[in-house]
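Visitor: Build me a model:
(chains A and B)
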There are 2 protein chains.
Amino acid sequence: MTAHTPPTAIEWVGELDGYIAILDQTLLPTQVATLQCREASEVADAINRLAVRGAPAIGIAAAMGVVLGVRNASDTDRGEFLARLDQTCRLLRATRPTAVNLSWALDRMATVAQADETLSVAEIKTTLLAEARRIADEDAAMCRAIGEAGQSLIKDGAGVLTHCNAGALATGGCGTALAPMYVAHELGRRFRVYADETRPLLQGARLTAWELTQADIDVTVLCDNMAASLMASGRVDLVITGADRIAANGDVANKIGTYGVALLAHAHGIPFYVAAPSTTFDLSMPTGAEIPIEERGADEIRRGFGRQTVPDNVACYCPAFDVTPAKRIRGIITDRGLIEPVRRETINAVLG
Amino acid sequence: MTAHTPPTAIEWVGELDGYIAILDQTLLPTQVATLQCREASEVADAINRLAVRGAPAIGIAAAMGVVLGVRNASDTDRGEFLARLDQTCRLLRATRPTAVNLSWALDRMATVAQADETLSVAEIKTTLLAEARRIADEDAAMCRAIGEAGQSLIKDGAGVLTHCNAGALATGGCGTALAPMYVAHELGRRFRVYADETRPLLQGARLTAWELTQADIDVTVLCDNMAASLMASGRVDLVITGADRIAANGDVANKIGTYGVALLAHAHGIPFYVAAPSTTFDLSMPTGAEIPIEERGADEIRRGFGRQTVPDNVACYCPAFDVTPAKRIRGIITDRGLIEPVRRETINAVLG
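Guide: Now for the predicted structure:
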């Protein structure tokens, strides 16, 4: 990671005997420390405790974790190799249930491992490392394409509000929601990013603010409840957020608070955009109403950052996501281009 | 303070040689500890560091602080007494600049001290203690009247959302926004309160949740950015917040985030009410645009939870208040009755 470029959340260092370097996001923004994972169990632990997070980055971590899990298997015992492969995939799959990229990446690795029976175990190991790197490279390319598709929305002098972290730290490249900002910055445009701190886990304050600063992009943090006041002051020209899942009609599930931001943007006549790779669309979901919403533990609110802030005997409402209806979304910025307006037909036209 | 009643934020204990008991709100919700203030400087310190907060409670603290400041003056030297009075008022006035109740209470105490030149210094001291207690009693009565005026809005089975703390902890009685809830609870109505945690200082999570629990009222805490999702789920039937200042046209300045909650309520067809004593109206302000909005220090966001959550070199946007336009307010619940709809004429009819 050099100054003025987005940070790298995860990468494979060296050859088959190398390691996975993971930027430990639990320590940001006050400490920048890299984990070196040499065992699959270390990768599982890193995913579990959110040292690496964001659906695309988790997929990459899992794919690379498979390589760590099998590389020490005997080169002469195909049975042992396949047993280790299966064991590793099960370990990694159990880390987090929601991110579709995790199981998608593990399935892809398992398929590659068993695609060509003429390969030796040693050759398969090399193939798996290449595949894991390809998953990372493809993700980086999708991020870049999202950035190119969305950069023209960010005019010189603009104020851009974002929510949570859908940036380099969440992906193998320059992010999704933040990708248009990185590209606009490269093009010399001057603008200010406003980052909602994003309770309860503060990904906006801790991660978005930090990574934009690394790239020398002007960023200001606000509490989530200050967005309406900021919009009323005229300082927000557009909003861009990421997405966790997009239904066939364009309804978007994303980090809790996104729906509120979309309503506030609408009330102030500010365009609200979502940025996501084409893989985030789930056309099996007719509308957002079908998307399951994970409820998180109360302690994320009650004991967020070293201090208890809610009495023990008080319940907390803690959904991890909400659903923004398509009618409140001006456009969806994808690696295949901008979908605007957001309707079943325009989505099909771009994805099909 | 007994179970099932609202807690007491501040009270004078004993006679002229007594003390002020202040519930230290900086320690809530994990510790319930009472400060015993016997010097005016201790009261100034308690106000400064938010051990006592909320405009009405600060006014009461200041009035009682005046008694502490003068009670040890010589009973035979009127000059010394008046010098101490002046000194104490200046000390207390300098603690916090915004709350209008602070200077109002100090002016009232100074006027009483000098109203009757036939009184001895000893008699004036007794009069001042009686006046400070009267200010507290009057505030409690206004709270009660607000509760009576607003209780019928809370139907059996209702979900009521509130923001920040405009409760017993902020006043000399049962609060403003929370007063209708206490009265409805006394009347046996069952309902659920949803308390926004209210970043950055978390008065909803720390204070509102705690005090409602003391009174055995059902309360659930949510992060500010979860209010839209909660409203969409159909669980919020009405919103009641407090007010820091109300302009002649009904625009309301209140804790940051109130405006956003009002917009979200409007988007979901949920009535949004403000509760405030008649003294909160400032008819010298034609509209909310004239109300000055205090900008707070970035560290309230950056280091709010005991741990740094925003990088040092990143700016924060941190207004303490926002303004909700009258057209987004269904009604204002006052000690003189309910103002609904909110217009210059209906305000004048109730206040005049």
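
Visitor: Next, the residues that contact stretch A:94-112 from outside, please.
Guide: Outside of stretch A:94-112, the residues within contact range by C-beta atoms under 8 Å, 6 or more residues apart in numbering or on different chains are A:44, A:47-48, A:55-56, A:58-60, A:62-63, A:66, A:85-86, A:89, A:92-93, A:127-128, A:131-132, A:135, A:244-245, A:279, A:282, A:294, A:320. From N, CA and C alone the C-beta is placed, and that goes for glycine too.

Visitor: and those, which of them are in strands?
Guide: Judged by DSSP state E, those include A:Arg245 as members of strands.

Visitor: From the contacts of stretch A:94-112, which land in helices?
Guide: Among these, the ones falling in helices (DSSP state H) are A:44, A:47-48, A:55-56, A:58-60, A:62-63, A:66, A:85-86, A:89, A:92-93, A:127-128, A:131-132, A:135.

Visitor: burial count for A:Gly188?
Guide: Neighbours of A:Gly188 under the rule other C-beta atoms under 10 Å in any protein chain shown: 7.

Visitor: what do you get for A:Lys155?
Guide: Neighbour count of A:Lys155, defined by other C-beta under 10 Å: 13.

Visitor: For the stretch 51-200 of chain A, what lies in contact range of chain B?
Guide: The interface of the stretch 51-200 of chain A toward chain B, taken as C-beta under 8 Å from any C-beta of the partner chain, is made up of A:163, A:194, A:196-200.

Visitor: hmm, which two among those residues are most spread apart?
Guide: A:Tyr194 and A:Pro200 (19.5 Å; C-beta to C-beta).

Visitor: Now do the contacts for A:Asp75.
Guide: Applying C-beta under 8 Å, 6+ apart to A:Asp75 gives the contacts A:120-122, A:125.

Visitor: For A:Asp244, give me its contacts.
Guide: A:55, A:98, A:253-255, A:280, A:321.

Visitor: Recalculate using a threshold of 6 Å.
Guide: Contact analysis of A:Asp244 by C-beta atoms under 6 Å, 6 or more residues apart in numbering or on different chains lists A:253-254, A:321.

Visitor: Quick check: the gap between it and chain B.
Guide: Look at A:Asp244 and chain B: by C-beta to the nearest C-beta, to the nearest Å, they are 14 Å apart.

Visitor: which SSE is A:Leu161 in?
Guide: Assignment of secondary structure by DSSP states H and E places A:Leu161 within strand A:158-162.

Visitor: Could you point out the helix or strand that follows that strand?
Guide: Downstream of strand A:158-162, the first helix or strand assigned by DSSP H and E is helix A:179-186.

Visitor: by contact count, what packs against that next one?
Guide: For helix A:179-186, the contact count by 3 or more C-beta pairs under 6 Å, 6 or more residues apart in numbering or on different chains; DSSP states H and E identifies helix A:121-150 as packing neighbours.

Visitor: In terms of secondary structure, what does the helix it packs on contact?
Guide: Packed next to helix A:121-150, using 3+ C-beta pairs under 6 Å, 6+ apart, are helix A:55-70, helix A:100-113, helix A:179-186, strand A:331-334.

Visitor: Which one of the residues of the stretch 51-200 of chain A next to chain B is nearest to chain B?
Guide: Within these, the smallest distance to chain B is 3.9 Å, found for A:Arg199 (C-beta to the nearest C-beta).

Visitor: Tell me, how many residues neighbour the residue nearest to A:Glu290 when sequence neighbours are not counted?
Guide: Leaving aside its chain neighbours, A:Glu290 sits nearest to A:Ala247 (6.8 Å; criterion: C-beta to C-beta, 6 or more residues apart in numbering or on different chains). By other C-beta under 10 Å, 24 other residues sit near A:Ala247.

Visitor: circling back to that earlier point, could you pick out the buried ones from the ones in helices among the contacts of stretch A:94-112?
Guide: Neighbour-count burial (16 or more other C-beta atoms under 10 Å in any protein chain shown) is assigned, among the ones in helices among the contacts of stretch A:94-112, to A:44, A:47, A:55-56, A:58-60, A:62-63, A:66, A:85, A:89, A:92-93, A:127-128, A:131-132, A:135.

Visitor: need the contacts of A:Asp244 in CSV with neighbour count and pLDDT, can you?
Guide: Below are the contacts of A:Asp244 laid out as CSV (neighbours: other C-beta atoms under 10 Å in any protein chain shown; pLDDT from 0 to 100):
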residue, neighbour count, pLDDT
A:Ala253, 25, 93
A:Asn254, 26, 94
A:Phe321, 23, 92
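
Visitor: Could you list the domains of chain A?
Guide: A:10-144, A:148-351 (automatic domain parsing).

Visitor: any idea how far the closest residue to A:Gly175 other than its chain neighbours lies from chain B?
Guide: Among residues not flanking A:Gly175 along the chain, A:Gly167 sits closest, at 3.6 Å (C-beta to C-beta, 6+ apart). Computed as C-beta to the nearest C-beta, the A:Gly167 to chain B distance reads 14 Å.

Visitor: cool, and A:Ile339?
Guide: Separation of A:Ile339 from chain B (C-beta to the nearest C-beta) stands at 23 Å.

Visitor: got it, and A:Asp45?
Guide: According to C-beta to the nearest C-beta, A:Asp45 and chain B sit 22 Å apart.

Visitor: how many other residues sit next to that residue?
Guide: 14.

Visitor: try A:Pro319
Guide: Residues contacting A:Pro319 under the criterion other C-beta under 10 Å number 18.

Visitor: While we're on it, how confident is the model there?
Guide: With respect to pLDDT, A:Pro319 scores 94.

Visitor: what's near enough to touch it?
Guide: By C-beta under 6 Å, 6+ apart, the neighbours of A:Pro319 are A:256, A:293, A:295, B:229.

Visitor: A:Arg93 too?
Guide: By C-beta under 6 Å, 6+ apart, the residues touching A:Arg93 are A:103, A:106.

Visitor: Quickly note the distance from it to chain B.
Guide: Taking C-beta to the nearest C-beta, one finds A:Arg93 at 29 Å from chain B.

Visitor: Distance check, that residue against A:Gly65.
Guide: Per C-beta to C-beta, to the nearest Å, A:Arg93 is found 10 Å from A:Gly65.

Visitor: what do you get for A:Ala51?
Guide: 13 Å.

Visitor: Of those two, which one has the most company?
Guide: Under the neighbour definition other C-beta under 10 Å, A:Ala51 and A:Gly65 were set side by side, and A:Gly65 has more, 29 against 22.

Visitor: Isn't the more buried one up against A:Leu92?
Guide: Yes. A:Gly65 lies in contact with A:Leu92 (C-beta atoms under 6 Å); the separation is 5.1 Å.
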